[in-house]
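Participant: just need the structure, nothing else, for what follows:
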Amino acid sequence: MRSVNTATRNAWNTISYTKIRIYLPDSQTNIGNEYISSIKMHEAISDTENMFFVGCVSTKVDIILNNFSTNLHLKPIEIYAQKGTTTELKIYTGKIYTCDVDEKNNTTKIVAYDALYRIFNADVTSWYQGLTFPMTMKAFRDSFFERFSVTQKSATLLNDSMLVENTIGGEQILGRDIIKPICEANVCFGHIDYDGEMTYLSISNNTRTVPVAEVSTMNNEKYTTDVI
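Facilitator: Below is the predicted model of the structure:
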């Protein structure tokens, strides 16, 4: 949850025009609205029809720039947004994985992903084989994210004190083989926030009274699951 002052909150609720700034940390370059033709952000905590406590969906950003022909492949990227003259907010931290420069039309198409994209596809076999088991879940996840130099938001997870044993075999272990079980064991969704930090999202125990009119249109199904 991001804390903002009242003026910023009111501006985001009432002002329609959003000023976007793209920042490239490597070259300390700012790209303003005058160069941005379009920008689309695809963000989710789950990408399956059924909701599983795993998440770990990388946030993707599609950007089209006009009159900007610099090749930005594999460059870090940050995106900021502002309503009116209020506080500018960072809304994305990631890395550019596709940069298609069309010099004829003077346009650049960019596709960026957050840190989960890199983590998911990384070979972590040597890291895993170098661990000393058993170790606590907290020590296990701390070591994993230190491997990628990714900061975790401070959190005490449900099974942080549980002992983790050496249970993964095979010739190659990918990051997804580690991060998904971490989230599943702790009944949470893994997500990279706007600062590029790993966060653990859980569903609160909220309830809602369903009117009779809604109940009459609902479908229900009986089924049996394996013992948890």
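
Participant: specify the beta-bridge partners of residue 90.
Facilitator: For residue 90, the beta-bridge partners under DSSP bridges are residue 80.

Participant: could you pull up the residues touching it?
Facilitator: Counting by C-beta atoms under 8 Å, 6 or more residues apart in numbering, residue 90 makes contact with 78, 79, 80, 194, 195. C-beta here means a position set from N, CA and C on the backbone, and glycine is covered the same way.

Participant: leaving out sequence neighbours, find the closest residue to the last one.
Facilitator: Spatial nearest neighbour of residue 195, chain neighbours left out: residue 93 (5.9 Å); criterion: C-beta to C-beta, 6 or more residues apart in numbering.

Participant: the first one too?
Facilitator: With sequence-adjacent residues excluded and distances taken as C-beta to C-beta, 6+ apart, residue 78 is closest to residue 23, at 4.4 Å.

Participant: partner strands of the helix or strand containing the one you found, with direction?
Facilitator: Element membership of residue 23, judged by DSSP states H and E, is strand 19-24. Sheet partners assigned to strand 19-24 using DSSP bridges are listed as strand 29-31 (antiparallel), strand 76-82 (antiparallel).

Participant: check which element follows the first one along the chain.
Facilitator: The reference is to strand 29-31. strand 36-42.

Participant: that following strand to strand 19-24, inter-axis angle?
Facilitator: 80 degrees (axes from the mean of the first three to the mean of the last three C-alpha atoms, to 10 degrees).

Participant: and strand 36-42, what does it pack onto?
Facilitator: For strand 36-42, the packing partners by 3 or more C-beta pairs under 8 Å, 6 or more residues apart in numbering; DSSP states H and E come out as strand 19-24, strand 60-66.
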